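>>> Sequence plus the predicted model coming up.
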Amino acid sequence: MIIAERKPFHEIKEAVAPFEKILIVGCGTCVAVCLAGGEKEVGLLASQLKLALGLEGKRPEIGEITVERQCDLEFIRPLCDFIADYDAIISTACGAGVQFLGELCHMKPLFPALNTTFIGVNETVGFYTERCRACHNCYLGVTGGICPVTMCPKGLLNGPCGGNVQGKCEVDPARACAWCDIYERLEREGRLGQIEKILPLHPHDRTTTPGAVIHPAYRRRYGGHE
Amino acid sequence: MSKLREALEAGHFPLVAEIKPPKGVVRDGWLAPVKALEGKVTAFGVPDNEHARMKLSALAAAVLVQQAGGEPVLHLTCRDRNRLALESDLLGAGALGLENILAVSGDYVTLGDHPQAKPVYDADSVQLLQIARGLMAGHDSADLPLSGNPNFYLGAVLIPEAEPLGPQLLKFRKKVAAGAQFFVTPSIFDLEKFRRFRQSLGDQPVKILACVKVVSPEEVAQAATGQHRKVYSLPAAVLQELAGKDPEETLLKGAAVAGDLLKKIRTEKLADGVYLKAQGRSDLLALVLEAAGA
């Protein structure tokens, strides 16, 4: 899922301070799981804003609404009429959700409440770690299910750098060297032979932004965008 | 042909002394070892933004070494360049007559003095060696032909004390397959460990330059407080010899220790040559050579 963190409060407050009617739109999927932008966090942000702006003598009207996913038109289209009543919108979605919402309410100033950080996993409550860089060319089948592009800070494709010390990463000694893990796992599985071959340079042309994917079944319908 | 290559292939046990490109454009001082050690060392190592700290371009520094009469070993890091820049710099090196290339991944940016810089690593060191071999064969990494092929003597890094060793040996095999002809190790202090490593490596079609280093007072201080985190070990006996001295005394004593190591590596044929690191200082480098009887 997408992991995000809330921006420093002062940054959000300064962005919306000039407005009198502010709507905070939450997102009920990834950012709700990582406790950054779901319904509960929308409520907290609304209370904080009311208090902080109140101390400055302002009495803004702050509305709250959370949709299932801001990255899906099906869920944000019904917001159109609701948004019309406000001067400014704060989105607590990831960067994708903020932009999609922005396309819908493009006449209103829109501010993100989060910094989107990575595609990761929910290790345990409140602890999320990165697993995927969305590189368009998955190596996991070759590298024993451990991603060298993400888990090695240098994204090295052909083995460890010279900086790991006792299997710990040069960049963060608290973390295992991804290539030591890859080697160990494949050795255990008797599949070391598959990393002996030199992997070629990564095809970065595929990662030219903004990316687009059309499902094969819909190529005829959207072929013009390919 | 590269003098380093000639000396290694002839079994002459060449010495490579590392110089330190400055953070600035000054030409005095850092080039002094080239004149001072003329005839005593075969080549001069030119680090490329070593430890991710921004310095004078290694390519420019290598040319200045050449102009001062020395033969450079140009380090080329994958950290700061995409494949276009790597290839372009390799062609530049070739056109300027620089043959010795040491392909390195490069310490990560957050460990250096520009921690917010974008790390590149478009190629890794294995792929960089492949790229260089391709250029030598007359084509770039996009398989497009060159007008004039460069000629390189390609080197890479080998970590004898890596733990675990398996992943490093995997990388070593790939580097050899990609075209590395010589290898440089990190600093070697524990000769027993190094001897065992050489034996385990068996016969390889490559030459190995063991790194001998004059330990810095900072490193001694780190080791004393248990903060020494390097890919090589500093044995207690060495630390004992260097501890409790003022910084300059530590360096002088470190030069004597390094000289002794150099002498043993040469006498016992533990490596094909030595890569000497002594803060880039002519006086320390000369002291090491004197102590080694070189």
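Received it, and whenever you're ready, just let me know what you need.

>>> Grab the longest strand from chain A for me.
The residue-count maximum for a strand in chain A (DSSP state E) belongs to strand A:114-124.

>>> show me the contacts for B:Thr185.
Applying CB atoms under 8 Å, 6 or more residues apart in numbering or on different chains to B:Thr185 gives the contacts B:157-160, B:194, B:208-211, B:271, B:275. In this view, the C-beta of every residue, glycine as well, is placed from N, C-alpha and C.

>>> So it versus A:Leu110, what's the distance?
Distance of B:Thr185 to A:Leu110, computed by CB to CB, to the nearest Å: 56 Å.

>>> do B:Val257 as well
Relative to A:Leu110, B:Val257 is positioned 64 Å away (CB to CB).

>>> what's the neighbour count on residue 2?
Using chain A here. Here the count is done by other CB atoms under 10 Å in any protein chain shown, and A:Ile2 has 24 residues near it.

>>> Please refer instead to chain B.
Using other CB under 10 Å, B:Ser2 has 23 other residues around it.

>>> Pull up the per-residue confidence for it.
Here, the pLDDT recorded for B:Ser2 equals 97.

>>> pretty sure it is touching B:Leu154, no?
No - checked against CB atoms under 8 Å, the pair B:Ser2 and B:Leu154 is beyond contact range at 10.3 Å.

>>> Minimum distance to chain B, which residue of chain A gives it?
A:Gly159 (3.3 Å; CB to the nearest CB).

>>> Which stretches in chain A count as strands?
A:2-6, A:21-27, A:61-67, A:88-91, A:110-112, A:114-124, A:127-132.

>>> What helices and strands are in contact with the third one?
Helices and strands touching strand A:61-67, as assessed by 3 or more CB pairs under 8 Å, 6 or more residues apart in numbering or on different chains; DSSP states H and E, comprise strand A:21-27, helix A:39-55.

>>> With mean pLDDT added, can I get those in TSV?
Listed next are those as TSV, based on pLDDT from 0 to 100:
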stretch	mean pLDDT
strand A:21-27	98
helix A:39-55	98
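
>>> okay, these in CSV with distance to B:Ala180 and mean neighbour count next?
Listed next are those as CSV, based on distance: least, CB to CB, whole Å; neighbours: other CB atoms under 10 Å in any protein chain shown:
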stretch, distance to B:Ala180, mean neighbour count
strand A:21-27, 50, 25
helix A:39-55, 53, 16
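
>>> Can you pull the phi/psi pair for B:Pro72?
Backbone torsions for B:Pro72, taken as degrees, to the nearest 10, come to phi -80, psi 150.

>>> quick one: contacts for the residue nearest to it when sequence neighbours are not counted?
Leaving aside its chain neighbours, B:Pro72 sits nearest to B:Ala62 (3.8 Å; criterion: CB to CB, 6 or more residues apart in numbering or on different chains). B:Ala62 is in contact with B:46, B:72, B:74, B:93, B:96, B:98, counting by CB under 8 Å, 6+ apart.

>>> Pick out the most distant pair among these.
The span of the contacts of B:Ala62, defined through CB to CB, is set by B:Val46 and B:Leu96 at 12.3 Å.

>>> Out of these two, name the residue with the larger neighbour count.
Using other CB under 10 Å as the criterion, B:Val46 and B:Leu96 rank with B:Val46 on top: 31 against 15.

>>> The more buried one and chain A, how far apart?
For B:Val46, the distance to chain A (CB to the nearest CB, to the nearest Å) stands at 18 Å.

>>> Out of the contacts of B:Ala62, which is nearest to B:Ser233?
B:Val46 (26.9 Å).

>>> could the helices and strands packed on strand A:61-67 go into TSV alongside distance to B:Ser233?
Converted to TSV, the helices and strands packed on strand A:61-67 look like this (distance: least, CB to CB, whole Å):
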stretch	distance to B:Ser233
strand A:21-27	51
helix A:39-55	49
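
>>> Rebuild the ones you listed as a markdown table, extending it with distance to chain B.
Below are these laid out as a markdown table (distance: least, CB to the nearest CB, whole Å):
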| stretch | distance to chain B |
| --- | --- |
| strand A:21-27 | 29 |
| helix A:39-55 | 28 |
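
>>> I'd like to know which of the ones you listed is closest to A:Ile182.
Using CB to CB, those put strand A:21-27 closest to A:Ile182, at 34.3 Å.

>>> just the angle between the closest one and helix A:39-55, please?
Counting by axes from the mean of the first three to the mean of the last three CA atoms, to 10 degrees, strand A:21-27 lies at 160 degrees to helix A:39-55.

>>> report the angle between the axes of strand A:21-27 and strand A:114-124?
Relative orientation of strand A:21-27 versus strand A:114-124 (the same axes, to 10 degrees): 30 degrees.

>>> Done for today, thanks.
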